[in-house]
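In: here's a sequence, model it:
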Amino acid sequence: RDVFRRLLKNKPWESIEDLLEKAGTIASIRFIYAVDRLFYLINWSVNSGPLESFLKEQFRLENTNHTFVSFNYDLVLDRSVQKQIAGGWDVATDYGFAISWQITTNPPPMPGNGGVLPTLDAAQLQGLNQARSRVLILKPHGSLNWLVPLRMPYSYSPHGIAFEDGPLVVPLSTTRELRYWYKSDDFQYLSFPNTEPKDVMPCIIPPTKAKDSTLPFIQETRSRLSQAIRDADEVYVLGWSMPKTDEDQERAIRSAIDERPQPVERMTVVNRGASPDYFERVACVFGVKRSQLKVFNGGFCEFVAQSVVDWSAEGRV
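Out: Alright, predicted model coming up:
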C-alpha cells in the first residue's frame, strides 16, 4: 500500500473525467463497484459535526424552504439532514420524486457450485407526509442508496451497464433510517410482486462527460434542480470544484439563471485554497458580480466555525 500510495502521489495529475473517458465503459463499471464498496466500509465514520451544525442553523430559519443539490454519491448529507430535521424529510418523497419500494435486510451471499440464486423481497414504502416538504435533496448524478434493476439482457450505456426505468428501491433500517447497501456479490437479485427477480445495483452516473440520463427519476431531479435555481433567494456553493469538464451541469445552471426575473440576492462560496479565477467562474456561472460573493477559502470547517461566531453575535445561538 505504501508503494502504491507513493506511485500514485508522484503520477502527473489527471482529472477523473479524462481517465474514465480514456479507459472506456468497463472502467466506469469498475468505478461504480469501487465507490459502492468504499462508502459501505466507511459507513458513518466521518466527521459530520460541522455539517450538522450548519444544517441545524439553517433549519432554524422560519418560513424557509431548503433545496440541497449534491453531486456526491454518498449519504453523509442525506443522513445528516434526516437526523437534524427528524420527520421533516421523508425518503419516500423528498429526493424530488416518489420512491415506492424498500429493503430492510442485506442480501445473502451467492451460493457456490451453481446453486439457486438467493433473492430478497422488496416491500412497499409509504410516504409519511401529505404536505409538501420544506427540504429537498436533489442528486442529479445518482446515489448509492438508489437500487435500480439492470436492463436484460445486459447492455451498456455511456455510463456503464444500462438500467431499466425502475422500480427504484432504497435500503432502510426497520425505523426508516438511511443506510448503505452491502453488495456481497457481482449479482444481487430483488423480487417484486408478479415479476421475475431483478438484478439490481446502485444507480450512480460516473464522472464522464456524458452525465445526462434518460431515466425518468434523473430527468425529474434535473427539472427540480433548474426550478430551485430559478426560485432561490440565497445560494451556497459548498466545496464544488466546478471542473471545466462538467460542462453539462454548468449549462444547466446558466440556463436556469437566464430564466430568473432578477439576480440571486445573496451568494456564499466555500472552498479550500481555490485560485482567484475559480471564484470569478462561479460568479459568472451564477450571473452575479465577483464583489457580491461572500467567500470562505479556508475549508468548510473554518466556514462553520466563523459562522457560529457570527450567529452568536446576532443572538441566533
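
In: what does the helix ranked longest in the chain contact?
Out: Identified as the longest helix of the chain according to DSSP state H is helix 25-42. By C-beta atoms under 8 Å, 6 or more residues apart in numbering, the residues outside helix 25-42 that reach it are 19-20, 73-75, 144, 156, 158-161, 180-183, 201-202, 204, 206, 208. C-beta coordinates here come from the backbone N, C-alpha and C atoms, glycine included.

In: now with 10 Å, please.
Out: Helix 25-42 has contacts (C-beta atoms under 10 Å, 6 or more residues apart in numbering) with 16, 19-21, 23, 46, 72-76, 106, 142, 144-145, 156-161, 179-183, 186, 201-208, 210.

In: C-terminal to that helix, what's the next element?
Out: helix 49-60 (DSSP states H and E).

In: outside of that following helix, which residues touch it?
Out: 48, 64, 66, 68, 76-77, 79-81, 83-85, 88-89, 134-135, 234, 236, 238, 270, 299-305, 307-308, 310-311, 316-317.

In: buried ones only from those residues, please, as a ChimeraX command.
Out: Under the burial definition 16 or more other C-beta atoms under 10 Å, those of the contacts of helix 49-60 that qualify are selected in ChimeraX by:
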select :48,66,68,76,77,79,80,81,84,85,88,89,135,236,238,270,300,303,304,307,308
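
In: tell me which of the contacts of helix 49-60 fall in strands.
Out: H66, F68, V135, E234, Y236, L238, V270 (DSSP state E).

In: can you give me the pLDDT of L117?
Out: pLDDT, the model's per-residue confidence, is 68 for L117.

In: inside helices: which ones of the contacts of helix 49-60?
Out: 76-77, 79-81, 83-84, 300-305, 307-308, 310-311.

In: could I get the ones in strands among the contacts of helix 49-60 in CSV, plus columns for distance to R224 and pLDDT?
Out: As requested, those are arranged in CSV below (distance: C-beta to C-beta, whole Å; pLDDT from 0 to 100):
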residue, distance to R224, pLDDT
H66, 13, 96
F68, 11, 97
V135, 13, 94
E234, 18, 95
Y236, 17, 96
L238, 19, 95
V270, 23, 96
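
In: those: which two are farthest apart?
Out: Spanning the widest gap among the ones in strands among the contacts of helix 49-60 are V135 and V270, at 19.8 Å by C-beta to C-beta.

In: could you pull out the helices for this structure?
Out: 2-10, 16-23, 25-42, 49-60, 76-84, 216-231, 247-258, 276-285, 300-313.

In: do you know which of the ones you listed lies nearest S173?
Out: helix 76-84 (10.9 Å).

In: orientation of the closest one relative to helix 25-42 in degrees?
Out: Helix 76-84 and helix 25-42 are oriented at 30 degrees to each other (axes from the mean of the first three to the mean of the last three C-alpha atoms, to 10 degrees).

In: hmm, A274 and S241 touching each other?
Out: Yes. If you go by C-beta atoms under 10 Å, S241 and A274 touch, sitting 8.0 Å apart.

In: pick out whichever of the two has more residues nearby.
Out: More crowded of S241 and A274, by other C-beta atoms under 10 Å: A274, with 17 against 12.

In: let me see the contact set for the more buried one.
Out: G239, S241, M242, R281, V282, V295, N297.

In: which of those residues count as buried?
Out: So, by 16+ other C-beta under 10 Å, the buried ones in the contacts of A274 are M242, R281, V282, V295, N297.

In: mind putting those residues into CSV with pLDDT and distance to R5?
Out: Below are the buried ones among the contacts of A274 laid out as CSV (pLDDT from 0 to 100; distance: C-beta to C-beta, whole Å):
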residue, pLDDT, distance to R5
M242, 84, 28
R281, 93, 32
V282, 95, 32
V295, 95, 33
N297, 96, 27
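
In: distance check, the residue nearest to E250 when sequence neighbours are not counted against G96.
Out: Computed as C-beta to C-beta, 6 or more residues apart in numbering, the closest residue to E250 that is not its neighbour in sequence is V285, at 5.8 Å. Using C-beta to C-beta, to the nearest Å, V285 is found at 22 Å from G96.

In: comparing the two, which residue is more hemmed in?
Out: Set side by side, V285 and G96 show more neighbours around G96, with 22 against 16, by other C-beta under 10 Å.

In: ok, now which ones touch the closest residue to K139 other than its chain neighbours?
Out: Once flanking residues are discounted, K139 sits nearest to S70: 5.2 Å by C-beta to C-beta, 6+ apart. If a contact means C-beta under 10 Å, 6+ apart, then S70 has V76, L77, D78, I137, L138, K139, P140, H141, S143, L238, W240 as its contacts.

In: go on, L190?
Out: 101, 103, 107, 119-122, 147, 149, 167, 169, 197-200.

In: can you do 8 Å?
Out: Residues near L190 by C-beta under 8 Å, 6+ apart: I103, T119, L120, D121, A122, L147, P149, V169, P197, K198, V200.
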